[in-house]
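Enquirer: what follows is a predicted protein model with its sequence.
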Amino acid sequence: MSVLSNTGIRAGASGAGGDAYQVANSLRFNSGDSAYLNKTFSAGNRRTWTWSGWVKRSSLDTYNYFFTARSASTNYYVLSFTNDAIKWYNRPTTGTHRYATSEALFRDPSAWYHVVLAWDTTEGTDSDRAKLYVNGERITDFSSSVWPSEDEEGVINDNHHHEIGAYDSGGSYEFDGLISDVHFVDGTALDASSFAEEDEDTGQWVPKEYTHSTSDWHTVN
């Protein structure tokens with residue numbers, strides 16, 4: 001967990017002092033307002049990328065989508081809270097791939113969760129092609145899992161609509177809560193330690209300054 005201000009995330013209990021990295025703000029998403037961020041990417045690497053962000057739920061709705069993309073009515077990608085699990089769902093033209101956490105559930109509306117999804121279909125082991133980290137720990141127990149094929153090109157990072165906080169131009173499954181310090185990394189699969197770390201004094205999982213290369217849509221803070 002992180003040490004919170006009213007609007008953002010601070011890097012540990014010592015973060016109030018001087019030079020510690022701080023995320024000053026977050027964006028609030030209210031589902032009733034249909035608020036979301038969107039960007040149409042130039043086509044990038046559809047085999048390898050990383051999404052990282054801090055998310056805090058305000059409601060425990062069945063569906064809370066926080067990162068999505070859609071190229072057609074039948075081709076889409078979602079990263080979401082679904083029935084208190086974290087789920088990704090990739091539906092390219094070649095098939096459907098999905099998983100949902102099983103033992104790990106995320107139903108605390110007072111908590112910030114650091115979510116990292118590293119997508120890399122060049123990996124030879126199928127379960128390494130989508131790696132999910134929450135608060136620094138890789139999750140490997142899923143209630144359902146259909147992994148992408150080796151070297152498959154997915155929906156994310158193609159030349160179409162991508163959204164933070166909703167799906168389908170804000171038309172459905174809007175996010176209720178706060179989102180902060182979002183990074184999207186084109187062409188590299190990274191683990192959670194690139195974006196956050198354990199505070200040496202408190203043991204809490206806290207943000208740190210991201211220093212690798214990133215896309216031009218890389219932060220919400």
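Expert: Cool, the structure landed.

Enquirer: so, low pLDDT: which residues of this protein?
Expert: 1-20, 72-73, 92-95, 97, 169-171, 213-221 (pLDDT under 70).

Enquirer: strands paired with the helix or strand harbouring residue 133, and their directions?
Expert: Using DSSP states H and E, the element containing residue 133 is strand 130-134. Partners of strand 130-134 in the sheet, by DSSP bridges, are strand 113-120 (antiparallel), strand 137-139 (antiparallel).

Enquirer: so which bits of the shortest one are buried?
Expert: I take that to be strand 137-139. Judged by neighbour count using 16 or more other Cβ atoms under 10 Å, the buried positions of strand 137-139 are residue 139. C-betas here are computed from N, CA, C, even on glycine.

Enquirer: from the chain's centroid, how far away is that strand?
Expert: Distance, stretch centre to chain centre, for strand 137-139: 13 Å (Cα atoms, centre = their mean, to the nearest Å).

Enquirer: now what about the helix or strand encompassing residue 144, what contacts it?
Expert: Taking DSSP H and E as the criterion, residue 144 maps to strand 142-146. Applying Cβ atoms under 8 Å, 6 or more residues apart in numbering, the contact partners of strand 142-146 are 85, 95, 96, 97, 98, 99, 100, 101, 102, 127.

Enquirer: buried residues in that strand?
Expert: For strand 142-146, by 16+ other Cβ under 10 Å, it's residue 142.
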